[in-house]
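Asks: I need the structure of the sequence given here:
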Amino acid sequence: MKRLIYIMVGITILLTTFSGCGLNSFNYSESTGIDVTTPKTILMVLAGQSTSDAGIEEMINDVLGLNYPDIELEWECVDWGTKFASQMTAKFAAGDIPDIMIGKAQDVATYVPSGNLAPFSKTLTSYVLEQSLPAVTVNGQVYGLPYNAVYQGVLYNKDIFKEYGIEVPTNQTELKEVVDKLKMHNITPYASHFQEIWYIGNITMQFAMNEVFNKYPNWGDMFRNNTVSFNSSSEFRNCIMYNKDIFNATWDDAMTINQTECDKRFANGGGAMYVTGSWSIQTIQEINPNMNVGIFPFPNQSGDSKLIFEPNITFMKSSKTDYNDAVDKVLELIFSNKNLAVEIFNFTQTASLLKDVGPIYPSLIQSDIEQYAKNGMVTDVTTGNTQLIWTFQEDYSKQIYFWLQGKTEIEDVLEYADQNRHNSISNYNE
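Replies: You can find the predicted model right below:
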C-alpha cells in the first residue's frame, strides 16, 4: 500500500490518496492535467481519535506540505474508543503495519510486545516533557511520543453551586448530600450519555483509579494471578455501583443520547455536574464561552480522590516501515513546530506535553487543574489502563450497560469480568 511514486510528463496516472480523513485529493498541474512534481513518499497513518481531535490531521497536512512537499500522509481516522484496537489488531495480523500510528499512551504497553513498534531516538524524545515518558517506556526504550493530555473528573456548573450554597464534595457522603440538595431544587444533578459503551468504560476507570489503583497499583497483575477478583473486591463493586448512582440522578433519556447532545445540554445549564473529561470543554466553550465551569475529582469512599490525567494523542511508529527517515522527518516537524502545537492545543482545548509550548487560550477549567496539580492531587490513569487494557474495559462495560437497563444483576457483571480475566492484558504478551 506504500509506494514511492514517480510520475513523468506524458504519462497520465490517476492517483487517489487521502489528504485528510475522508477527503480525496488529486495532484494535477494546471497546464497539463498531469502531476509533474518530484517523487513523493506516501506514509500510511492510522489515527485513533478522541472526540476533540477530529480536524488536526488537516493542520498537520498544511504544515507538512509547506516543509516536505515530497512526503504525503494517507490518513485513516477512526474513533479510538470503538475502532482503533480492532483496526490495529487486523492490520498487525495482515502484516499491513501503518508507518505512523496515533493512539494513547496506554496503547504502547499493549502493542510493543507484538514487535511492530519501533523505539524513538533521543532527538525526538527530547521535545516531550520528561514526566510523560515513563508511561511509554518499555525495557528502557521509549516507544511512544505523547503530544497532549486531557483531564478527567466531574465538570460542574459553578454558578449553580454558588446559587444554592453547595461546596465541592470530597467523599461519597458529601456527594450524596449534593445530589439530594440539587434534586430538592428540581435541578438535574448529572449530565450523562449512557447510550455509549465507551462512556461507561471511561467513567468506571475514573472511579477505579481512585478506589482501586491508587491503593493497589498492581491490582491487574493480582487479578490475573487469581489473588483478587471483581467479585471479591468491595472497591470494584463500588466502582460499578457509581454508574447506577449517576444513572439514577440524570435525565430520563440518558440511554438514548450521545456525547454531543450531552455536552450541549450541560453547556446550556441542563445539569449541575458531568462526569467526563476535558475533551467536552471544546464543545462547551463553543456553545457557552463564558460558562463558569470547574472540575473536581469524582469522590471515593476514603475522601482522597485525585484529578485524573491522561496522555492523549500519542505517536507510535512502525518497526517494519520502509521509510524510517521520512517518518522521523514528519514526527520531528510535528513536535518541533510550535505554531502547529499552539493551533492544535487551542483547537482541542487540551494540555501540552511538549517542552516550552502551550495553548494561548487557557481552558475554562485551567485554574482548577493548576490548583489540584499544585497540591499534588493529580494521578496518571495510564496505571489503570495498562493493568486492564481498554478492550477488556469495554467488554465488561457492555455488561454494566445491560445491568443499568435492568436486564441483569451486578453479580453477573462482576462474574463476567472474572470469567474473562485472561483478556485483561494484551494478547501479544502470551
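Asks: Okay, now the unreliable bits of this structure?
Replies: Residue ranges of the chain with pLDDT under 70: 1-38, 429-430.
Asks: mind checking how far Glu211 is from Asn243?
Replies: 13 Å (C-beta to C-beta, to the nearest Å). Placement of C-beta: from N, CA and C, glycine included.
Asks: again but with Ser233, I slipped
Replies: As defined by C-beta to C-beta, Ser233 lies at a distance of 16 Å from Asn243.
Asks: same check, this time on Tyr416
Replies: 15 Å.
Asks: same thing with Trp75?
Replies: Counting by C-beta to C-beta, the gap from Trp75 to Asn243 is 35 Å.
Asks: can you count the residues close to Pro217?
Replies: By other C-beta atoms under 10 Å, 12 other residues sit near Pro217.
Asks: what's the answer for the one 4 residues further on, then?
Replies: Per other C-beta under 10 Å, the neighbour tally for Asp221 reads 14.
Asks: In three-state terms, how would it be classified?
Replies: Using DSSP: H, G, I helix; E, B strand; the rest coil, the three-state assignment for Asp221 comes out as helix.
Asks: pretty sure it is in contact with Leu388, am I right?
Replies: No. If you go by C-beta atoms under 8 Å, Asp221 and Leu388 don't touch, sitting 10.4 Å apart.
Asks: Contacts for the helix or strand where Glu370 lies next, please.
Replies: Per DSSP states H and E, Glu370 falls inside helix 366-374. If you take C-beta atoms under 8 Å, 6 or more residues apart in numbering as the criterion, helix 366-374 is touched by 151, 294-297, 306-307, 351, 363, 378.
Asks: Would you mind identifying the next helix or strand past that helix?
Replies: By DSSP H and E, the next helix or strand past helix 366-374 is strand 378-380.
Asks: which helices and strands sit right next to that next one?
Replies: strand 307-311 (3 or more C-beta pairs under 8 Å, 6 or more residues apart in numbering; DSSP states H and E).
Asks: Just checking: what are the partner strands of the strand it packs on?
Replies: strand 148-157 (antiparallel), strand 378-380 (parallel) (DSSP bridges).
Asks: and that strand, how far out from the chain's middle?
Replies: Strand 307-311 sits 10 Å away from the centroid of its parent chain (C-alpha atoms, centre = their mean, to the nearest Å).
Asks: Each with direction, which strands does the following helix or strand past that strand pair with?
Replies: Remark: after strand 307-311, the chain's next helix or strand is strand 314-317, criterion DSSP H and E. Strands adjacent to strand 314-317 in the sheet, as given by DSSP bridges, are strand 100-103 (antiparallel), strand 145-146 (antiparallel).
Asks: which stretch among those comes nearest Val342?
Replies: strand 145-146 (17.1 Å; C-beta to C-beta).
Asks: List the contacts of that closest one.
Replies: Strand 145-146 is contacted by residues 105, 120, 124-125, 127-128, 132-133, 135-136, 311-316, 331, 335, 353 when judged by C-beta under 8 Å, 6+ apart.
Asks: Same question for stretch 225-240.
Replies: By C-beta under 8 Å, 6+ apart, the list of residues contacting stretch 225-240 reads 204, 207-208, 211-212, 215-216, 219, 222-223, 300-301, 396, 400, 403, 410-411, 413-415, 417-418, 421.
Asks: Neighbour count says what about the residues you listed? Which are buried?
Replies: 204, 207-208, 211-212, 216, 219, 223, 300, 396, 400, 403, 413-415, 417-418, 421 (16 or more other C-beta atoms under 10 Å).
Asks: rewinding a little: return the distance of the helix holding Glu370 from the chain's centre.
Replies: Helix 366-374 has its C-alpha centroid displaced from the chain centroid by 20 Å (C-alpha atoms, centre = their mean).
Asks: Just the buried residues of it, please?
Replies: 366, 368-369, 372.
Asks: What of stretch 375-392?
Replies: Under the neighbour-count criterion of 16+ other C-beta under 10 Å, stretch 375-392 has 378-392 buried.
Asks: do the same with stretch 323-335
Replies: Buried, per 16+ other C-beta under 10 Å, within stretch 323-335: 323, 326-331, 333-335.
Asks: Same list, those, but as TSV with distance to Ser86 and secondary structure please.
Replies: Formatted as TSV, the buried residues of stretch 323-335 follow (distance: C-beta to C-beta, whole Å; DSSP: H, G, I helix; E, B strand; the rest coil):
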residue	distance to Ser86	secondary structure
Tyr323	25	coil
Ala326	27	helix
Val327	24	helix
Asp328	28	helix
Lys329	30	helix
Val330	25	helix
Leu331	25	helix
Leu333	30	helix
Ile334	26	helix
Phe335	28	helix
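Asks: Quickly name whichever of those is closest to Phe247.
Replies: Nearest to Phe247 among the buried residues of stretch 323-335, with distances taken as C-beta to C-beta, is Ile334, at 40.4 Å.
Asks: how close does the closest one sit to Tyr416?
Replies: 41 Å.
Asks: Could you do Lys306 as well?
Replies: Counting by C-beta to C-beta, the gap from Lys306 to Tyr416 is 29 Å.
Asks: chain center to stretch 248-263: distance?
Replies: The answer for stretch 248-263 is 20 Å, by C-alpha atoms, centre = their mean.
Asks: Equivalent analysis for stretch 344-358, please.
Replies: Centroid separation for stretch 344-358 versus its chain: 15 Å, with C-alpha atoms, centre = their mean.
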